[in-house]
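Student: Quick one, fold the following:
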Amino acid sequence: MEGVKFGLKENRIQFYLLVLINGFVGGMVGLERSILPQIAEGEFDIASKSALLSFITVFGIVKAVTNYYAGTLANKYGRKKLLVAGWVVALPIPFILMFAPNWSWIIGANILLGINQGLAWSSTVVMKIDLAGEKKRGFAMGINEFAGYVMVALVAALTGWIAQEYGVRPYPFYIGIILMVAGLFASWLLVKDTKHHVAAEAATSTTPRLKNVFWETTWKHKNLGSVTQGGFINNLNDGMTWGILPLILSLKGFSIVEVGLLAAVYPAVWGLGQLFTGAMADVYDKKKMLFIGMLLQAIALLAIVWANAGWHFIGLLSVLGWGTAMVYPTFLATIAENTHPMDRAKSIGIYRLWRDLGYAGGAILTGVIIDILNINFAIFFVAILTLISAIIIHIRMVSRSIQKPCKIDVLQNGVLQTNP
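Tutor: Presented below is the predicted three-dimensional model:
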């Protein structure tokens, strides 16, 4: 462990390689973002919104469970092995989406996609936290989530355009083959594990170990529990937006290309915004950032009910994206700040378990409400849940003092020292 260095500059080659790989991971989700609802209704005649949103439900549950085990297995087998395994699982996904003869095959592809995202995204998150060091984790998470969600947006827009020009299948999913091959070989041949960084930080950490990582991350620990419920509600409203936004836009008379472009606004602002909000999380009070971010999401969702024109949706989806950008890297930085290095991977896995169960919760809840009542009521209900989540964060979280960042942390003679 002699000479192990912490910091983005000191580990820039590995760090930005992982950023690139996480872009590929996000792109795999973008394959489905704008056109899968059209495939469901156009090719498979699925009218029930509960059935249509089943692909998000399955994706969310599988990804959530995989996140939990990824956090546990990361310490046992190493981060790199999980990352490579995530890409191996992804190999059949583009081909299934291209040639699926019925909706059950699409569900099967989303089971594999959930495993891919759980293993690959979790691995890149934890490895970047390992490399970044204590003072730059917010910025590191901002860059990580920026790469993932900007690629979600870019691929969603691109697949929408390809679908308009050449049909919804198979051509849009050719992009998935490129992403899958690039992600697999970059992870296998170029990525280095970060186990030495974990061991070095653990040797000097003053953060106490958690007595019961699962229950303290889930709720008992005031900060960790507040983050976990916030993550669940954030992804609940994202699951709703993912599933019904293309439908709302189609009902408003927008073309499939316009649907793809408008659907891309939200993840684009979300992704780009994290370049700024991640760095802000290293400087400003994380509690305030989380409260404001969740509040902005609630306001944007409430207003979407009355949106009609394209500029209405652009403005509101931008606010929704910025609100999400404020919380996403801050959630992860807060988990890292409140956990011992030996607990961190497992705690992040548990947080991501509950967070991504929000996808399933959002899809199920939205589908049931729409089938019983209507789309507007579903949006209104989820907006109120988001507002309640913001209030919980405001009441329950305890702010930690902000320390000035240092330039470099280096392990020398077994002691972690700060060089100005």
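Student: Point me to the helix or strand that includes the most centrally placed residue in the chain.
Tutor: The chain has residue 145 as the residue nearest its centroid, 6.7 Å off, counting by CA atoms, centre = their mean. Using DSSP states H and E, residue 145 maps to helix 137-166.
Student: related to what we said a few turns ago, list the contacts for the residue nearest to the centre of the chain?
Tutor: For residue 145, the contact set (CB atoms under 8 Å, 6 or more residues apart in numbering) comprises 270, 271, 274, 278, 325, 328, 329, 332. For glycine as for every other residue, the C-beta is placed from the backbone atoms N, C-alpha and C.
Student: nearest to residue 373, of those residues?
Tutor: Within these, the smallest distance to residue 373 is 28.0 Å, found for residue 270 (CB to CB).
Student: So that closest one sits against residue 328, correct?
Tutor: Yes. Taking contacts as CB atoms under 8 Å, residue 270 lies within contact range of residue 328: 7.2 Å.
Student: Overlap in contacts, the two.
Tutor: 145, 149.
Student: quick revisit: now the helix holding residue 145: mean pLDDT?
Tutor: Mean pLDDT, helix 137-166: 89.
Student: The longest helix along the chain: which residues count as buried?
Tutor: For the chain, the longest helix by residue count, based on DSSP state H, is helix 341-372. For helix 341-372, a neighbour-count test (16 or more other CB atoms under 10 Å) marks 341-367, 369-370 as buried.
Student: With stretch 91-106 instead?
Tutor: Counting neighbours by 16+ other CB under 10 Å, stretch 91-106 gives 93, 94, 96, 97, 98, 100, 103, 106 as buried.
Student: low pLDDT regions in the stretch 251-400 of the chain?
Tutor: The model of the stretch 251-400 of the chain has no residue with pLDDT under 70.
Student: so where do the helices sit in it?
Tutor: In the stretch 251-400 of the chain, the segments counted as helices under DSSP state H, counting those that start in this stretch are 256-281, 286-304, 310-337, 341-372, 375-396.
Student: Identify whichever of the ones you listed lies nearest to residue 121.
Tutor: Closest among these, using CB to CB: helix 341-372, at 8.2 Å.
Student: helices or strands up against the closest one?
Tutor: helix 49-52, helix 54-77, helix 103-132, helix 195-202, helix 213-215, helix 222-251, helix 310-337, helix 375-396 (3 or more CB pairs under 8 Å, 6 or more residues apart in numbering; DSSP states H and E).
Student: Could you dump those helices into TSV with distance to residue 19 added?
Tutor: Converted to TSV, these look like this (distance: least, CB to CB, whole Å):
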stretch	distance to residue 19
helix 49-52	34
helix 54-77	19
helix 103-132	8
helix 195-202	17
helix 213-215	28
helix 222-251	21
helix 310-337	13
helix 375-396	28
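Student: Let me know which of the ones you listed is the nearest to residue 88.
Tutor: Nearest of the helices and strands packed on helix 341-372 (CB to CB): helix 103-132, 8.9 Å.
Student: And that closest one, what's buried?
Tutor: 103, 106-132.
Student: looking at it, residue 267 is touching residue 157, isn't it?
Tutor: No. The criterion here is CB under 8 Å, and residue 267 misses it with residue 157 at 9.5 Å.
Student: And the two? Which one has more around it.
Tutor: Counted by other CB atoms under 10 Å, residue 267 and residue 157 do not tie: residue 267 has more neighbours, with 30 against 22.
Student: The nearest residue in space to that one that is not next to it in sequence and residue 298: what is the separation?
Tutor: Of all residues not flanking residue 267 in the chain, residue 153 sits nearest, at 4.0 Å (CB to CB, 6 or more residues apart in numbering). To residue 298, residue 153 is 22 Å away according to CB to CB, to the nearest Å.
Student: Of those two, which one has the most company?
Tutor: residue 153 (27 against 24).
Student: Relative to residue 261, how far out is that one?
Tutor: With CB to CB as the criterion, residue 153 and residue 261 are 10 Å apart.
Student: and for stretch 84-92, what are the contacting residues?
Tutor: Contacts of stretch 84-92 (CB under 8 Å, 6+ apart): 25, 28, 109, 112-113, 115-121, 123, 180, 183-184, 187-188.
Student: Would you agree residue 6 is in contact with residue 201?
Tutor: Yes. In this structure, residue 6 is within contact of residue 201 by CB under 8 Å, at 7.3 Å.
Student: so residue 182 makes contact with residue 23?
Tutor: No. Contact criterion CB under 8 Å: residue 182 and residue 23 do not qualify, at 9.5 Å.
Student: Just want to know which of these two has more residues nearby.
Tutor: Remark: of residue 182 and residue 23, residue 23 carries more neighbours, 24 against 16, as counted by other CB under 10 Å.
Student: Could you pull out the buried residues of the strand or helix carrying that one?
Tutor: Assigned by DSSP H and E, residue 23 falls within helix 12-33. Across helix 12-33, burial judged by 16+ other CB under 10 Å covers 14-15, 17-33.
Student: what's downstream of it, the next helix or strand?
Tutor: helix 36-42.
Student: Tell me who's in contact with residue 96.
Tutor: Residue 96 touches 105, 106, 108, 109, 112, counting by CB under 8 Å, 6+ apart.
Student: Just the closest of those to residue 388, please.
Tutor: residue 106 (33.2 Å).
Student: tell me the contacts of that closest one?
Tutor: For residue 106, the contact set (CB under 8 Å, 6+ apart) comprises 36, 39, 40, 44, 55, 96, 97, 100.
Student: Ok, residue 277 next?
Tutor: So residue 277 contacts 142, 289, 293, 325, 326, 328, 329, 330 (CB under 8 Å, 6+ apart).
Student: cool, and residue 42?
Tutor: residue 168.
Student: Tell me, what's the model's pLDDT at it?
Tutor: pLDDT at residue 42 comes out at 76.
Student: Check the gap between it and residue 253 for me.
Tutor: Taken as CB to CB, the span from residue 42 to residue 253 is 17 Å.
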